[in-house]
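Student: Next comes the sequence, and after it the predicted model I'd like to discuss.
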Amino acid sequence: MARWLEAQTLRPDRVLCSSAERTRETAALLCEVVPALPQPEVSDALYHAGPDTIMDHVRRLPGDCDCVLLIGHEPGLGSLLRILDGQAGPTLRRAYNQFSTAAIAVLEANVEDWAGVGVANVKFVAFRTPRALFEIQAPGA
């Protein structure tokens, strides 16, 4: 997943991470593979956070931040995606029905600043799971 993230044109300015050991381990592994990632900002408030708490963190991001990477938990991340879903197809519905371990959902927001992020201006760009990448790399496996 880290290699997939690195291959994208996404360059997070900030990494917001739950304080859980597993999410901090995930962040460390991502930073090993993608050295350009900034050091994660670990927050106890993101530990098993619900969608409102996650959005509060996003909406407080500074204006000089163009891209953020969130590392968190279910059901909070899936619930947030469900709330932001305007017209998701079956692939994206999978993102919020079962956001598997190490999955990555990419969203784009057309806003002047992070305080304006919401349902009306967010669109899904991509969703990847480790299993999907394995199936792409090893067809028939």
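Tutor: Perfect, thanks for sending it.

Student: If you rank every helix and strand of this structure by mean pLDDT, what lands last?
Tutor: helix 90-97 (a mean of 65; mean pLDDT, DSSP states H and E).

Student: Give me the distance between residue 1 and residue 109.
Tutor: 22 Å (CB to CB, to the nearest Å). Any C-beta I mention is one placed from the backbone N, CA and C, and that applies to glycine too.

Student: ok, these two, which is more surrounded?
Tutor: For residue 1 and residue 109, the more surrounded residue by other CB atoms under 10 Å is residue 1, and the numbers stand at 17 against 14.

Student: Contacts only, for residue 58.
Tutor: Residue 58 makes contact with 16, 68, 70, 114, 117, according to CB atoms under 8 Å, 6 or more residues apart in numbering.

Student: Over to residue 15?
Tutor: So residue 15 contacts 27, 30, 37, 38, 39, 40, 41, 68, 69, 71 (CB under 8 Å, 6+ apart).
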